[in-house]
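Asker: Output the structure for:
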Amino acid sequence: MLDPRLTKLADVLVNYSVKAQPGENILIEAYGIDNALVKELVKKIHAAGAHPYVNVRDHAIIRQLVMEGTEAQMQTWADVDAFQMKKMQGYIGVRGGANIYELSDIPADRMKLYNSIYYQQVHFDVRIKDTRWVVLRYPTSSMAQLASMSTDAFEEFYFNVCTMDYGKMSKAMDALKELMDRTDKVRLVGPGTDLTFSIKGIGGVKCDGELNIPDGEVYSAPVRDSVNGVISFNTPTPHDGFIFENIVLEFEKGKIIKATANDTDRINEIFDMDEGARYVGEFAIGVNPFIQHPMKDTLFDEKIDGSFHFTPGNCYDDAYNGNKSSLHWDIVNIQRPEYGGGEIWFDDVLIRKDGIFVLPELLQLNPENLK
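Answerer: Numbers count the residues shown, from 1 in each chain. Next up is the predicted model:
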């Protein structure tokens, strides 16, 4: 029997997130998941009068392609998939798999080649810019293990998060977006953290279920050369299959001048992949009331209630600061009291303390008002 939660999730993705319209082409990319959700997505896209297309992917096969592929092969792969992506008006990426570490042993130079050719040309240059897209994880036993939950409990958590009232969240985000639009100076304070930067002229963008599921953040970007100080992250952070912990970044005039972690050599290899990797492309505030603790999955962790994330690498066009890179790495800090607390200041005014918004116009973003 079909799980009715899959039907509800498919409806959110097709009709709320990508807003499929009659005659449009919608691409579904499914990584390591069963067919039930894909079939429901196809049904919903057809019901909307649009045309579904499906690519079934597997991380183990991608690993093999990246491990031994030549630059010419990578370019042909990118050319073919970019051609397909240019035909699409919408994109739904559903990513699962039994092993989060599938890509962890790919050498850094191989991942750099893949990211700079394939991911840059297909996803950054076409999908993100030219389609209405949404990306989500699919619940698996490996995700439940990462979240330290039983499979049944994790599934219940997953569907609560992914099918929440994103329309209500979107309205509550308006005041924070408007505040970001008129803010110049930002200061982040917490254990091991005292960081300042400007977002003047860049403004805020709501993430309210139209691009990611789960969702729940409002983002901007620092003026590229304005970041100064130090930031200490308190959540484990995955990148290319490796879990980084205890990341500390020191900035001067926008650039990461010192980076340490549980594998300092490895993290500096990442930041040395290109010039833009040592500058920041995004600053975002997380507000999803159903996500309370890190589960080593960025799509969930960056939305954690009472968190913010700071993103070395490429910026988005709608919060443009000029930084270009093959990297875009959302690294999360939680400021709720059980994680050490912290403060966010806009133009010398405290807006959030220990994960709770304190300005009257932002109170609707606190968890008791979003559930």
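Asker: Contacts only, for the residue most central in space within the chain.
Answerer: Nearest residue to the geometric centre of the chain (C-alpha atoms, centre = their mean): residue 299, 4.7 Å. Residue 299 makes contact with 135-137, 212, 214 under the criterion C-beta atoms under 8 Å, 6 or more residues apart in numbering. Every residue, glycine included, has its C-beta placed from N, CA and C.
Asker: How is it classified with respect to secondary structure?
Answerer: Using DSSP: H, G, I helix; E, B strand; the rest coil, the secondary structure recorded for residue 299 is helix.
Asker: just the contacts of residue 299 now: which is nearest residue 321?
Answerer: Closest approach between those and residue 321, by C-beta to C-beta: residue 212, at 20.6 Å.
Asker: Contacts only, for the closest one.
Answerer: 134-136, 299, 303.
Asker: One more: residue 321?
Answerer: Applying C-beta under 8 Å, 6+ apart, one finds that residue 321 lies in contact with 202, 221-224, 280-281, 315.
Asker: one more time with 6 Å
Answerer: 221, 224, 315 (C-beta atoms under 6 Å, 6 or more residues apart in numbering).
Asker: Arrange those in a markdown table, one row each, with pLDDT, secondary structure and distance to residue 197 as further columns.
Answerer: Listed next are the contacts of residue 321 as a markdown table, based on pLDDT from 0 to 100; DSSP: H, G, I helix; E, B strand; the rest coil; distance: C-beta to C-beta, whole Å:
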| residue | pLDDT | secondary structure | distance to residue 197 |
| --- | --- | --- | --- |
| 221 | 98 | coil | 9 |
| 224 | 98 | coil | 10 |
| 315 | 96 | coil | 13 |
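Asker: buried subset of the residues you listed?
Answerer: Listed as buried from the contacts of residue 321 are 221, 224, 315; burial here means 16 or more other C-beta atoms under 10 Å.
Asker: Backbone dihedrals for the first one, please?
Answerer: Main-chain torsions, residue 221, degrees, to the nearest 10: phi -150, psi 140.
Asker: Can you report phi and psi for residue 336?
Answerer: Torsion angles, degrees, to the nearest 10, at residue 336: phi -70, psi 160.
Asker: List the buried residues in the lowest-mean-pLDDT helix or strand in the chain.
Answerer: When the helices and strands of the chain are scored by mean pLDDT, DSSP states H and E, helix 141-146 comes last with a mean of 82. Buried residues in helix 141-146, counted by 16+ other C-beta under 10 Å: 142-144, 146.
Asker: what do you get for stretch 78-86?
Answerer: For stretch 78-86, burial by neighbour count (16+ other C-beta under 10 Å) applies to 78, 81-82, 85.
Asker: Reformat the residues you listed as TSV; add distance to residue 101.
Answerer: As requested, the buried residues of stretch 78-86 are exported to TSV (distance: C-beta to C-beta, whole Å):
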residue	distance to residue 101
78	25
81	25
82	28
85	28
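Asker: nearest to residue 112, of the residues you listed?
Answerer: For these, the nearest to residue 112 is residue 78 (14.2 Å; C-beta to C-beta).
Asker: quick one: low-confidence ranges for the stretch 1-150 of the chain?
Answerer: For the stretch 1-150 of the chain, applying pLDDT under 70 flags the ranges 1.
Asker: how about the helices in it?
Answerer: 4-11, 35-47, 59-68, 71-86, 108-114, 128-130, 141-146 (DSSP state H, counting those that start in this stretch).
Asker: Can you tell me what sits against the fifth one?
Answerer: I take that to be helix 108-114. The contact list for helix 108-114 (C-beta under 6 Å, 6+ apart) reads 66, 74, 240, 269, 273.
Asker: Most widely separated two among those?
Answerer: 74 and 269 (19.4 Å).
Asker: More neighbours: which of those two?
Answerer: residue 74 (19 against 16; other C-beta atoms under 10 Å).
Asker: What's the separation between the nearest residue to the more buried one once chain neighbours are set aside and residue 323?
Answerer: Using C-beta to C-beta, 6 or more residues apart in numbering and skipping the chain neighbours, the partner closest in space to residue 74 is residue 117 (4.4 Å). In this view, residue 117 and residue 323 are 19 Å apart by C-beta to C-beta, to the nearest Å.
Asker: Mind checking which of the two has more residues around it?
Answerer: Between residue 117 and residue 323, residue 323 has the larger neighbour count (other C-beta under 10 Å), namely 25 against 21.
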